[in-house]
Each structure stands twice: as C-alpha cells, then as structure tokens.
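mind folding the following:
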Amino acid sequence: MKRFLTVILAGLVLTVIAACQTQQTITVLAAASLTESFDEIKAAYEKEHPGVTVQISYGSSATLAAQITSGAPADVFASANTTTMASLARGGVEVSPQTLTTNVLQIAVPPGNPGRVAGLADFARPELRIALCAEDVPCGAAAEELFAQLGIVPRPDTLEVDVKATLNKVQLGEVDAALVYRTDVVAAGDKVLGLPTPGAEKVVNTYQIAALPEAADRAAAEAFVAYVLSPVGQQAIRKYGFGPS
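Down below sits the predicted model:
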C-alpha cells in the first residue's frame, strides 16, 4: 500500500512539474492607444497557444522605452512612433523593429459638443478648456507638429501622460476638447464625439513593434510579433480604426 501511494505521489509530482514547464509568459509593453486591439489579440493568441500567457502593460511609449533602457524585463515593445523606438538604440538596446500600423489625430469633445468646437483653430480660444498629450509622448509630439504646420498656437489647460489620460478628460467632461488618436475616439464609442479634423492627415504616426534582445524566450517573443503582424492580428488592429501598416 505504501509503495502504491509512493508511486501515485511521484506521478502527481511529475505531472505538476510538467505543467509548470509548459507554462510560458510573454511580457509586452505597448503604447496606450493599442489597448483595445492588443487586448483582443492577446485573447486570440492565448486561445491558440494553450499554456501561454500574454501579459501586457500599456502606457506612454516614451515611458515604456525608458523602462526598457533601464533594464525592465520585457519581451516585446510596441511603440506609437518611430522616434521612440529609435530611442532604444540610444539607450543601448538594439532592436530590429517592423512597421505595425499607422494612426492620425482627431478632435474629441464631450457628447453634444458643449464648447461648440468647430476645428483645430478653436484650440487657441482662451475660454475653452483644452487637453493635449505631453510633448514628450508620441501623441503630444504629433499634435505639436500638426499645430505648427497649421500655424495654430494652442492654449492647453492640461498636458497628460498618454493618450488615454487625455481622452479621459473629455469622457469626464473636464475639458471642452482634446486632440487624441482617431482610434481612441473609435474605441470610446458614444462616450465622446469625434469631430472632422481637416489637416490631420498631414501628420501620420507610424507604429513599430519589435522583439527585445533580453527577452526571456526570444523565439516566443518573435512568434508573438509575427502573430500581431499576421492577417489575423492586423484585422484586429484595423477594426479599431488604425491605418495600413
């Protein structure tokens, strides 16, 4: 009887060890504007790859890049522009990025447009409450470039850490208008109103994705990148209003 129990216990231990060995986590750092599309990709990838968990942290691309160059453990990085991806090399992290998708800016206002915002020129009106992304993050850099091209000097009341925080100011009714990505307006649904934004096509953000050299499992990281760039991944991304890669 004791021998029988010993065999059973040994079998259970081996089963637990085997199960632990098959578990794998892919850590992804991604631009905040990718939240909805990457959440969908994550669910699909995990369903197709039992035993694999995709752990995604969203935020400002600039902040995430700084974390990577400071040694934060991660397997994949998805940036909202090429400049931020290039900053990895300046920090000593060499990557081979691939184009993921594109995005443009759009005016977002609360439902009903209480501030009667008509276009980008209204961002210079002092009586309006305006939210923009901080200039050191991709959505802020794009906004700064767009306003410069159009000869508009905006008067923001708040500069937010990333595009989701900027849009949240509109959703809460704390500002009359914000300049965010078109995709964030799509994702917000009826919580905000997106306005036509002539001139936005002048500034296009090119998103990039790369497996990181210090990935715990480089092959697994590259497999996830390949999935994101596959027709299935691209379909999920385009669903939320992103442009072609």
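
ok, residue 151 - contacts?
For residue 151, no contacting residues are found, by C-beta atoms under 8 Å, 6 or more residues apart in numbering. To be clear about C-beta, it is placed using only N, CA and C from the backbone, and glycine gets the same treatment.

now it: how far from residue 235?
Remark: distance between residue 151 and residue 235 (C-beta to C-beta, to the nearest Å) = 39 Å.

any idea how this structure splits into domains?
2-102+206-238, 105-202 (automatic domain parsing).

quick check: which of those domains is buried the most?
Among those, ranked by average contacts under mean count of other C-beta atoms under 10 Å, first place goes to domain 105-202 (a mean of 19).

can you show me the helices along this protein?
2-22, 35-48, 61-69, 82-90, 138-150, 163-171, 182-188, 218-229, 231-238 (DSSP state H).

dump the last one to PDB, restricted to CA.
It stands for helix 231-238. In PDB, the C-alpha atoms belonging to helix 231-238 read as follows (Å, rounded to 0.1, in the frame of the first residue of the first chain):
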ATOM      1  CA  PRO A 231      -3.600  38.900 -41.200                       C
ATOM      2  CA  VAL A 232      -5.400  37.900 -38.000                       C
ATOM      3  CA  GLY A 233      -3.500  40.400 -35.900                       C
ATOM      4  CA  GLN A 234      -3.800  43.100 -38.500                       C
ATOM      5  CA  GLN A 235      -7.600  42.600 -38.800                       C
ATOM      6  CA  ALA A 236      -7.900  43.100 -35.100                       C
ATOM      7  CA  ILE A 237      -5.900  46.300 -35.300                       C
ATOM      8  CA  ARG A 238      -7.700  47.700 -38.300                       C
END
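
any residues touching that helix, and which ones?
Residues contacting helix 231-238 (C-beta under 8 Å, 6+ apart): 34, 37, 40-41, 44, 100-101, 227-228, 244-245.

go ahead and measure how far that helix is from the middle of the chain.
With C-alpha atoms, centre = their mean, to the nearest Å as the basis, helix 231-238 stands 14 Å off its chain's centre.

now the angle from it to helix 35-48?
Using axes from the mean of the first three to the mean of the last three C-alpha atoms, to 10 degrees, the inter-axis angle of helix 231-238 relative to helix 35-48 is 160 degrees.

so for helix 231-238, mean pLDDT?
Mean per-residue pLDDT for helix 231-238: 96.

so where's this protein uncertain?
1-22 (pLDDT under 70).

please redo it, this time with the cut-off set to 50
Along the chain, the model assigns pLDDT under 50 to residues 1-2, 4-21.

and the gap between the residue sitting nearest the centre point of the chain and residue 195?
The chain has residue 31 as the residue nearest its centroid, 2.5 Å off, counting by C-alpha atoms, centre = their mean. As judged by C-beta to C-beta, residue 31 and residue 195 stand 23 Å apart.

one more: residue 25?
41 Å.

hmm, residue 31 and residue 138 touching each other?
Yes: between residue 138 and residue 31 there is a contact at 6.9 Å, judged by C-beta atoms under 8 Å.

where do the contact lists of these two overlap?
Counting by C-beta under 8 Å, 6+ apart, the common neighbours of residue 138 and residue 31 are 60-61, 79-80.

closest one of these to residue 172?
residue 60 (19.4 Å; C-beta to C-beta).

what residues does that closest one make contact with?
By C-beta under 8 Å, 6+ apart, the neighbours of residue 60 are 31-32, 134, 137-138, 161-162.

go again with 6 Å.
The contact partners of residue 60, by C-beta atoms under 6 Å, 6 or more residues apart in numbering, come to 137, 161-162.

do residue 203 as well
Residue 203 touches 142, 145-146, counting by C-beta under 6 Å, 6+ apart.

what of residue 194?
With the criterion set at C-beta under 6 Å, 6+ apart, residue 194 makes contact with 106, 108, 185.

same check, this time on residue 206
82, 102.
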